[in-house]
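Participant: Pasting a predicted model and its sequence here:
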Amino acid sequence: MKISAESIAESARAASSRGLPPVHSWNPPDCGDLDIRIARDGTWFYLGTPIGRPELVRLFSTILRKDGDRYVLVTPVEKVGITVDDAPFVAVDFERDGNALRFVTNLGDEAVAGPDHPIRVERDPDTGEPSPYILIRDRLEALIDRKSFYRLVDIGDHAEYDGASWFGLWSSGQFFPIIPSDELP
């Protein structure tokens with residue numbers, strides 16, 4: 001049987017019901033890799049061409065899983081590897097919800113930053129440029145887009161964290177460090 005994006009989509013539709021499918025409990029045979037790539041900006045490509053149907057991208061995103069360092073689309077009957085340039089989602093906006101920060105992704109997923117959905121910031125070792133992420137679900141993160149990150153920095157605060165002073169964010173009673181306070185310009 002030849003594996004294609006269409007066959008994966010058909011299997012995903014058959015397996016899907018309300019909410020997210022239980023991909024964590026599926027253990028189908030590995031069928032190799034499929035030429036699907038998620039670019040850093042959140043665009044999904046198939047055979048080098050952007051997938052133009054948002055409903056198909058959303059469907060694929062519901063069957064996405066991370067196995068070790070490998071991203072896979074998984075159905076009850078097959079599993080295929082795909083390429084993810086950075087993170088599989090992009091957090092395109094957030095709002096304050098009481099004392100919490102609620103993020104929404106490019107595909108409509110929501111996550112409230114806190115113990116179950118931590119924020120982390122990686123810094124490029126050469127340039128120092130930050131790449132902020134929030135965990136969306138089960139090892140799948142969203143890169144927080146630049147405009148949202150700038151808004152987050154505007155509401156950031158200094159706090160003692162791990163024995164040092166940090167600039168970061170509070171959400172759901174938890175502090176998320178961004179940069180050591182003494183490294184701020």
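Facilitator: Received it, and whenever you're ready, just let me know what you need.
Participant: So, low pLDDT: which residues of the chain?
Facilitator: Under the criterion pLDDT under 70, the flagged ranges of the chain are 1-5, 7-18.
Participant: Extract the C-alpha set from stretch 81-94 and format it as CSV.
Facilitator: Extracted in CSV, the C-alpha atoms of stretch 81-94 (Å, rounded to 0.1, in the frame of the first residue of the first chain):
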residue,chain,number,x,y,z
GLY,A,81,7.5,10.7,9.8
ILE,A,82,7.3,14.3,8.8
THR,A,83,9.8,17.2,9.0
VAL,A,84,9.3,20.1,11.4
ASP,A,85,11.7,23.0,10.9
ASP,A,86,11.2,24.4,14.5
ALA,A,87,8.0,23.8,16.4
PRO,A,88,4.8,22.3,14.9
PHE,A,89,2.6,25.3,16.0
VAL,A,90,2.9,29.0,16.2
ALA,A,91,1.3,30.9,19.0
VAL,A,92,-0.2,33.9,17.2
ASP,A,93,-1.9,35.7,20.0
PHE,A,94,-2.5,35.7,23.8
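Participant: what residues does that stretch touch?
Facilitator: Stretch 81-94 is contacted by residues 30, 32-34, 36-42, 61, 64, 70-73, 101-107, 109, 131, 133-134, 136, 140-145, 148, 151-152 when judged by CB atoms under 8 Å, 6 or more residues apart in numbering. Every residue, glycine included, has its C-beta placed from N, CA and C.
Participant: how about 6 Å then?
Facilitator: Here stretch 81-94 makes contact (CB atoms under 6 Å, 6 or more residues apart in numbering) with 33-34, 36-40, 42, 64, 70-73, 101, 103-106, 133-134, 136, 140-145, 148.
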